[in-house]
Structure formats: C-alpha cells, structure tokens
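Trainee: Got a sequence here, can you build the structure:
(one chain, ligands or ions: 1)
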Amino acid sequence: MAANRPVALVTGASSGVGKETARALVDAGFDVVGTSRKAAGDTTGGVTFLPLDVTSDDSVSSLVQQVIERFGRIDVLVNNAGVGANGAAEEISVAQAQYLFDVNVFGLMRMTNAVLPHMRGQGRGRIINVSSVGGFVPNPFMAIYVATKHAVEGYSESLDHEVREQGIRVLRVQPGPINTPFDQNTEGADPSGAAASDASGSVPTPKVMASPGKSSTQGTATSATPSDKLPAHGEAPPAGSPTSGGPGGSTTTRHAGTRGPGER
Ligand SMILES: NC(=O)c1ccc[n+]([C@@H]2O[C@H](COP(=O)([O-])OP(=O)(O)OC[C@H]3O[C@@H](n4cnc5c(N)ncnc54)[C@H](OP(=O)(O)O)[C@@H]3O)[C@@H](O)[C@H]2O)c1
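Mentor: Okay, the predicted model is just below:
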C-alpha cells in the first residue's frame, strides 16, 4: 500500500552525511529508509534501516523491492554511500581503484537503475547524487577518488537530460570537507606495495612525494621537503613540499578559490 507521506531512500545512512541527511528528511516530513551493510530492519530516529551493499546487484534489487513492498513508492533517492582513497596515484592498485569505482560509481548506477522504473511509473522523482568538490576540481594524492566523483558528475548531468521530461530530475551535491568518519573508511596505498614500483621496488607515498623531478608530472620541482605522512584532511602541506603549491609544488592547475591537497 502506498504511503501517504513522500518516501525517501538514503544509502549509507549509518554515519556522516547520510545519517544527517536521513534525519533532515524525517524532519521535513518524509518516510525515510536508510541503508547500511550492517542494518537489521530496525527503526532509529524515525529512519527505517535496511541492509544494502551497493556493490551487489542482488542486494540492490532486494532492497528496492522491500521498500516498494513496505512503502509503495520512492519519491527521493539519495545516493550517498561512498568510500575514499588517499595516496599517490601510482600507489593505489587497480584492484583498489576498481573497488572505489564499484562503490562510488557503479553502486550509484545500480541504485539508479533499480529505482528509475518506479519513478517513471509515478511520473515524478528526485535522484540526489552525493558528489564532491573533487567532482570538478583536481586534487593531487586523491586522484582515484576524484576520478570516481568526476564520473558521478558526468553520469548525473547526462542522465538528468534523459529523464527530466518524465518528471524526474537528477541533482548533484558537491560538498567540501566535512568532519565525518570518512577518513577511517578510506583506502590507503596498496599495502602489498605492488601498485607502485621503480628499479628499487616499491615506492611508498612519502618517497613519491619527496622525489622532485623524477616524474614528468612533478615538473621542475627542486626543493621538496619529505613528509612523513600525507597532509590530513584540511591540513596545509609542509611548506615547499611537492603538494604545497609553492616552489617545487604540484604542477596541478589550480583555480582561484579551489581547495588544496587533502581536501575532498
Ligand atoms: N566527509 C567529507 O568531507 C566529504 C566531502 C565530499 C563528499 N563526501 C561524500 O559524502 C558521502 C558520504 O561520506 P561521509 O563523509 O558521510 O562518510 P562515512 O561517514 O564514512 O559514510 C559512508 C557511508 O557509506 C556507506 N557505505 C560504504 N560502502 C558501502 C557499500 N559497499 N554499500 C553500501 N553502503 C556503503 C557506509 O555504510 P556502512 O559501512 O554502514 O555499510 C556509510 O554509511 C560519500 O559519497 C563521500 O564521497 C564526503
């Protein structure tokens, strides 16, 4: 039976942005289903939690079927579930990059494909894709994450043109840094060291960062200061480091007002 109130489905509602979004939608008068890989059908703060792993076709179709059976409709889908990866691009293995794309991009597409037929049948709906400032701004040492968010941008904008005449709009949200558990769930450099190697073998991130002039992507850098760790989220890199943007800094094109390394 269809619910009287509009129904919103928020992926990755167990923490951070998704948790707050689900709460805000409850306050705005929605029946809200939130998802987590650990959910067991409980209701917390007005949000009904159902299990979902966006990397699984079966999990996605089972979730959407359950929501339709229980609530009869889906008016808003918030594709929020996402994971990060920090490290020099060459240090993130292809397997790690595939995982990131599976969650951030293909997971979002799986959810969208499962929900669209229902929205089309209703003649209306909103799909809100949580992108990032990294969806339109380059960010050294987060290249894979940024690539996933650029993909989200292109997909979302194109899809919006496909479905808007059917009463459905696809929107993007592009947050800057927010204090959430995101960093704890972020992939680091491939621990096997297999992703990046030179003649001497594996090249851990600090070495990559402190190798000015070795790589064509680091231009004429000459005065880099080795750093023990990547700059924390929102933290300025050490002066003169390859990521400082100063002398010897990154050759990445920076636009006025854009964010620095470590910022997503
Ligand atoms: N925090 C920031 O600074 C920031 C900035 C820009 C954009 N964003 C974006 O905001 C979104 C949320 O990030 P957050 O900061 O709130 O991070 P978070 O607190 O780590 O939350 C991530 C959520 O994604 C879910 N998730 C992870 N893998 C999943 C999978 N395979 N299937 C289903 N759900 C999965 C997690 O749920 P379970 O582990 O419970 O399954 C969790 O609820 C992400 O898309 C992120 O890229 C964040």
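Trainee: Check the gap between Leu52 and the ligand for me.
Mentor: Applying C-beta to the nearest ligand atom, to the nearest Å, the value for Leu52 to the ligand is 5 Å. Where you see a C-beta, it was placed from the backbone N, CA and C, and this is true even at glycine.
Trainee: repeat for Gln166
Mentor: From Gln166 across to the ligand, the span is 26 Å (C-beta to the nearest ligand atom).
Trainee: give me every residue that touches the closest residue to that residue other than its chain neighbours.
Mentor: In space, and not counting its chain neighbours, Gln166 is closest to Arg120: 5.3 Å by C-beta to C-beta, 6 or more residues apart in numbering. Arg120 is in contact with 163, 166, 168, counting by C-beta atoms under 8 Å, 6 or more residues apart in numbering.
Trainee: between the residues you listed, which is nearest Phe49?
Mentor: Distance to Phe49 across these (C-beta to C-beta) is lowest for Ile168, with 25.5 Å.
Trainee: Tell me, how many residues neighbour Glu162?
Mentor: The number of residues packed near Glu162 is 11, by other C-beta atoms under 10 Å.
Trainee: what about the helix or strand hosting it, near the ligand?
Mentor: Assigned by DSSP states H and E, Glu162 belongs to helix 143-163. No: figure legend: helix 143-163 not in contact with the ligand (C-beta under 6 Å from any ligand atom); closest approach 6.8 Å.
Trainee: so for that helix, what's the average pLDDT?
Mentor: Average pLDDT, helix 143-163: 98.
Trainee: Does anything pack onto it? Which helices or strands?
Mentor: helix 94-101, helix 107-122, strand 125-130, strand 168-173 (3 or more C-beta pairs under 8 Å, 6 or more residues apart in numbering; DSSP states H and E).
Trainee: Please report the distance of the residue nearest to Gln166 from Thr186.
Mentor: Separation of Arg120 from Thr186 (C-beta to C-beta, to the nearest Å) stands at 36 Å.
Trainee: Near the ligand, which residues of the protein are found?
Mentor: Going by C-beta under 6 Å from any ligand atom, the residues of the chain near the ligand are 11-12, 14-18, 36-38, 52-55, 80-83, 103, 130, 132, 175, 177-178, 180-182, 185, 264.
Trainee: Could you say which helix or strand holds the most centrally placed residue in the chain?
Mentor: Centroid-nearest residue in the chain, with C-alpha atoms, centre = their mean: Gly82, separated by 4.0 Å. Following DSSP H and E, one finds Gly82 outside all helices and strands.
Trainee: My understanding was that it contacts Val105; is that so?
Mentor: No: between Gly82 and Val105 there is no contact under C-beta atoms under 8 Å: 9.6 Å.
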